[in-house]
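Student: only the shape, not the letters, is given here:
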């Protein structure tokens, strides 16, 4: 049986007196596609920030390949839930992508074109970032995360603002990368049909770990009701 | 006049380049705060007889770091931090000037700029310090841009954002002080902002935004200095009005072009 590659061990996070995460523990195996699901305010984004190394995590609370997240941050491609920027600043899509390697566009041109093509944004390379729609920008963020064949991809609600066809493209792409490169993927998604179709492990949290397991075992009406507090189901189209 | 053109030209290039980062980071009033607070350093130098520019630079760096620390390590917002330190520096400067005996004629040239007071020693200091900063910016351009636009992304890519943030604050402080003799304390922040504001109207990429900021800053200072010399009016005000005129004309041009398209 494969050992866990990403280990979260008794993680607690507070914002002042507010407890965002309370003693969460789980593991994700190398090469898995894991989904973190939970109601709003359950701590999903905070958890992801700890995993990618953006929070001050105590030693041994999170280990990725045996290392602290801060030591693994260069191996992680991260798409945050929200990215705010001044839309009037004249930075182009390809300039934004080239930031990732702190390089000139000419040095990264081939990789940038490849990544943009993968998300269907190759025609927008020279367009100003501020002129893109929310969904188009989200695709660029995903392309940036895919730029350098990272070992771990962490996507916080990657389909936000993206149309149905685009959403399918994003998740098919994620699955393709997972298969071709063996990248470990962690996504936060509210779309349970996507979760049940694309992932092989589901982690349910509501400030603490509620359950973890395969989609078939976790995404059941009983467990979803326990997690979300309301009757929830997944409808599959045929 | 030649000394002023050389010093003004190099400072214009520096402020134009820095201005593209300052405007992108919404730090426009940091330059203003540092400039006003540096009056304390100038007043101290005048009181004890130290070299003015180096003393003002040291003081400005302290103020810049103070603004950064207040913004990032306390709940105080950026505008509050600038207001506190800007007024404190100004107040210290006023007290120190009061302690200096007699009228200080050179004070007016620091407040409003005076090309006639730019000495050969000033030119050497300004040019050498500016060249060092320009080389530093050239080497760190992409990292500063990354931390400017996406500090979390920069951190995940292995960059240490706070180092480049502090560096930007310090070089801004130095650049502001270097330009005080040309433009004056009261108006120097406009030279950080106006060329970038004009450039933003035309730029189609960040590279062109930076390029036009530098070119426009140079043109503004060069034309402003010449006008100031031949019209015998304060250099700082003339430079700023030149910049504003270019901004107005550019805005009208862009507006007309949009309507025609």
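Tutor: All right, it came through fine. Please read these numbers as outputs of a predicted model, since none were measured by experiment.
Student: need the contact list for residue B:9.
Tutor: B:218, B:221, B:222 (Cβ atoms under 8 Å, 6 or more residues apart in numbering or on different chains). Heads up, the C-betas are built off the backbone N, CA and C, glycines and all.
Student: ok, and what's touching the one helix or strand residue A:176 maps to?
Tutor: When elements are assigned from DSSP states H and E, residue A:176 belongs to helix A:164-181. The contact list for helix A:164-181, computed with Cβ under 8 Å, 6+ apart, reads A:31, A:33, A:118-120, A:135, A:139, A:142, A:146, A:149, A:153, A:155, A:158-159, A:162, A:183-185, A:187, A:191, A:194, A:197-198.
Student: pretty sure residue B:32 contacts residue B:87?
Tutor: No: judged on Cβ atoms under 8 Å, residue B:32 makes no contact with residue B:87 at a distance of 11.7 Å.
Student: who has more neighbours out of the two?
Tutor: residue B:32 (21 against 13; other Cβ atoms under 10 Å in any protein chain shown).
Student: in what helix or strand does the nearest residue in space to the more buried one that is not next to it in sequence lie?
Tutor: Nearest residue to residue B:32, sequence neighbours excluded (Cβ to Cβ, 6 or more residues apart in numbering or on different chains): residue B:189, at 3.7 Å. For residue B:189, the host element (DSSP H and E) is helix B:188-202.
Student: helices or strands next to that helix in the packing?
Tutor: Under the contact definition 3 or more Cβ pairs under 8 Å, 6 or more residues apart in numbering or on different chains; DSSP states H and E, helix B:188-202 sits against helix B:2-24, helix B:28-37, helix B:161-178, helix B:180-183, helix B:206-231, helix B:235-260.
Student: and the last one, what does it pack against?
Tutor: Packed against helix B:235-260, as judged by 3+ Cβ pairs under 8 Å, 6+ apart, are the following elements: helix B:2-24, helix B:180-183, helix B:188-202, helix B:206-231.
Student: which residue is nearest the centroid of the chain?
Tutor: Because you didn't say which chain, this covers chain A. Of all residues in chain A, the one closest to the mean position by Cα atoms, centre = their mean is residue A:155, 1.4 Å from it.
Student: actually chain B
Tutor: Using Cα atoms, centre = their mean, the most central residue of chain B is residue B:176, at 3.6 Å.
Student: who are the contact partners of it?
Tutor: Residue B:176 neighbours (Cβ under 8 Å, 6+ apart): B:31, B:34, B:35, B:38, B:60, B:188, B:189, B:192.
Student: could you check how far it is from residue B:33?
Tutor: The spacing between residue B:176 and residue B:33, counted by Cβ to Cβ, to the nearest Å, is 9 Å.
Student: before we move on, what about residue B:12?
Tutor: 21 Å.
Student: could you export the contacts of residue B:176 as CSV, including neighbour count?
Tutor: Below are those laid out as CSV (neighbours: other Cβ atoms under 10 Å in any protein chain shown):
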residue, neighbour count
B:31, 26
B:34, 31
B:35, 30
B:38, 31
B:60, 29
B:188, 29
B:189, 25
B:192, 32
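Student: what's residue A:182 sitting at in phi/psi?
Tutor: Dihedral pair for residue A:182: phi 70, psi 20, per degrees, to the nearest 10.
Student: contacting residues around it?
Tutor: A:30, A:31.
Student: what's the most buried one of the helices and strands packed on helix B:235-260?
Tutor: helix B:180-183 (a mean of 31; mean count of other Cβ atoms under 10 Å in any protein chain shown).
Student: which secondary structure elements does that one contact?
Tutor: helix B:2-24, helix B:105-112, helix B:188-202, helix B:206-231, helix B:235-260.
Student: what's in contact with it?
Tutor: Contacts of helix B:180-183 (Cβ under 8 Å, 6+ apart): B:4, B:7-8, B:11, B:35, B:38, B:42, B:53, B:56, B:109-110, B:113-115, B:117-118, B:122, B:126, B:188, B:190-191, B:221, B:225, B:235-236, B:239-240.
Student: rerun at 7 Å
Tutor: B:4, B:7-8, B:11, B:35, B:38, B:56, B:109-110, B:113, B:115, B:117-118, B:122, B:188, B:191, B:235-236, B:239 (Cβ atoms under 7 Å, 6 or more residues apart in numbering or on different chains).
Student: do stretch B:190-207 as well
Tutor: Taking Cβ under 7 Å, 6+ apart as the rule, stretch B:190-207 contacts A:88, A:90-92, A:95, B:15-16, B:18-20, B:22-23, B:28, B:31, B:145, B:179, B:183, B:209, B:212-213, B:216-217, B:220, B:239-240, B:243-244, B:246-247, B:250-251, B:254.
Student: try 6 Å
Tutor: With Cβ atoms under 6 Å, 6 or more residues apart in numbering or on different chains as the test, stretch B:190-207 has contacts from A:90-92, A:95, B:15-16, B:19-20, B:22-23, B:28, B:31, B:183, B:209, B:212-213, B:216-217, B:220, B:240, B:243, B:246-247, B:250, B:254.
Student: for whichever helix or strand residue B:79 is part of, which positions count as buried?
Tutor: Element membership of residue B:79 [criterion: DSSP H and E] is helix B:78-99. Neighbour counts using 16 or more other Cβ atoms under 10 Å in any protein chain shown place B:78, B:81, B:82, B:84, B:85, B:86, B:89, B:90, B:92, B:93, B:96, B:97 of helix B:78-99 among the buried residues.
Student: that one - contacts with which helices or strands?
Tutor: Counting contacts by 3 or more Cβ pairs under 6 Å, 6 or more residues apart in numbering or on different chains; DSSP states H and E, helix B:78-99 packs against helix B:28-37, helix B:39-48, helix B:52-73.
Student: on that earlier part again, so which of the contacts of helix A:164-181 belong to helices?
Tutor: Within those, residues falling in helices by DSSP state H are A:118, A:135, A:139, A:142, A:194, A:197, A:198.
Student: give me the number of residues near the third one?
Tutor: Think residue A:139. For residue A:139, using other Cβ under 10 Å, the count is 26.
Student: so how many other residues sit close to residue A:175?
Tutor: Residue A:175: 15 neighbours (other Cβ under 10 Å).
Student: partners of the strand or helix carrying residue A:25 in the sheet?
Tutor: Taking DSSP H and E as the definition, residue A:25 sits inside strand A:18-29. Paired strands of strand A:18-29, with direction, are strand A:4-15 (antiparallel) (DSSP bridges).
Student: what average pLDDT does the strand it pairs with get?
Tutor: Strand A:4-15 comes out with an average pLDDT of 92.
Student: ok, and what's touching that strand?
Tutor: A:20-30, A:46, A:61-65, A:184.
Student: buried subset of the residues you listed?
Tutor: A:20-22, A:24, A:26-28, A:30, A:46, A:61-64, A:184.
Student: okay if I get those residues as a markdown table plus distance to residue A:6 and pLDDT?
Tutor: As requested, the buried ones among the contacts of strand A:4-15 are arranged in a markdown table below (distance: Cβ to Cβ, whole Å; pLDDT from 0 to 100):
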| residue | distance to residue A:6 | pLDDT |
| --- | --- | --- |
| A:20 | 19 | 89 |
| A:21 | 15 | 92 |
| A:22 | 19 | 91 |
| A:24 | 12 | 94 |
| A:26 | 9 | 93 |
| A:27 | 7 | 94 |
| A:28 | 4 | 94 |
| A:30 | 8 | 92 |
| A:46 | 16 | 93 |
| A:61 | 12 | 92 |
| A:62 | 7 | 94 |
| A:63 | 8 | 94 |
| A:64 | 5 | 93 |
| A:184 | 7 | 94 |
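Student: would you format these as JSON lines with distance to residue B:70 included?
Tutor: Shown next, in JSON lines, are the buried ones among the contacts of strand A:4-15 (distance: Cβ to Cβ, whole Å):
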{"residue": "A:20", "distance to residue B:70": "27"}
{"residue": "A:21", "distance to residue B:70": "30"}
{"residue": "A:22", "distance to residue B:70": "33"}
{"residue": "A:24", "distance to residue B:70": "35"}
{"residue": "A:26", "distance to residue B:70": "40"}
{"residue": "A:27", "distance to residue B:70": "42"}
{"residue": "A:28", "distance to residue B:70": "40"}
{"residue": "A:30", "distance to residue B:70": "44"}
{"residue": "A:46", "distance to residue B:70": "27"}
{"residue": "A:61", "distance to residue B:70": "31"}
{"residue": "A:62", "distance to residue B:70": "32"}
{"residue": "A:63", "distance to residue B:70": "36"}
{"residue": "A:64", "distance to residue B:70": "35"}
{"residue": "A:184", "distance to residue B:70": "41"}
